[in-house]
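*Asks:* here is my input; please provide its structure:
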Amino acid sequence: GARTEDLDGLPSVRAALLTPAHQYPTGVPLRPGRRAAVVDWARRVGGLVLEDDYDGEFRYDRQPVGALQSLDPERVVYFGTSSKSLSP
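*Replies:* The predicted model follows:
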């Protein structure tokens, strides 16, 4: 995927879809510094971050990962994973 620094060079990009609780292909959560960088990017370009909380609620080995939306509710649209939780 594109890094947030790379998105600055593309003025037509104003939205990014992320799964910060479960990054592909490693399955690890997005680091705090990268989370802040994505929100900063959205603020600079007047864009939106669409947050899919894929696997965010299924944490049995450690504390759940906080939603990225809490960093900037006006720039991050949280749409959760209820469809993935209710049906395969």
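*Asks:* how close does the nearest residue in space to Arg14 that is not next to it in sequence sit to Gln63?
*Replies:* Residue nearest to Arg14 in three dimensions, not counting chain neighbours: Gly47, with 3.9 Å by C-beta to C-beta, 6 or more residues apart in numbering. All C-beta atoms are positioned from the backbone trio N, CA, C, and that covers glycine. Between Gly47 and Gln63 the computed distance is 29 Å (C-beta to C-beta, to the nearest Å).
*Asks:* the more surrounded of those two?
*Replies:* Between Gly47 and Gln63, counting by other C-beta atoms under 10 Å, Gly47 is the more crowded of the two (15 against 6).
*Asks:* who are the contact partners of the more buried one?
*Replies:* With contacts taken as C-beta atoms under 8 Å, 6 or more residues apart in numbering, Gly47 has the following neighbours: Val13, Arg14, Ala15, Ala16, Trp41, Arg75.
*Asks:* rewinding a little: if I look at the residue nearest to Arg14, how far off is Val77?
*Replies:* According to C-beta to C-beta, Gly47 and Val77 sit 11 Å apart.
*Asks:* ok, Val49 next?
*Replies:* On the measure of C-beta to C-beta, Val49 and Val77 end up 7 Å apart.
*Asks:* quick one on the thing from earlier: so what pLDDT did the residue nearest to Arg14 get?
*Replies:* If you check Gly47, the pLDDT there is 94.
*Asks:* and Leu18, how far from Arg75?
*Replies:* Leu18 sits 12 Å away from Arg75, taking C-beta to C-beta as the criterion.
*Asks:* which residues do those two both contact?
*Replies:* What both Leu18 and Arg75 touch, as defined by C-beta under 8 Å, 6+ apart, is the set Val49.
*Asks:* give me the number of residues near Trp41?
*Replies:* 20.
*Asks:* could I get the phi/psi values of Ala16?
*Replies:* When read as degrees, to the nearest 10, the backbone of Ala16 gives phi -140, psi 140.
*Asks:* does it touch Val38 like I think?
*Replies:* Yes. Ala16 is within contact range of Val38, at 6.7 Å (criterion: C-beta atoms under 8 Å).
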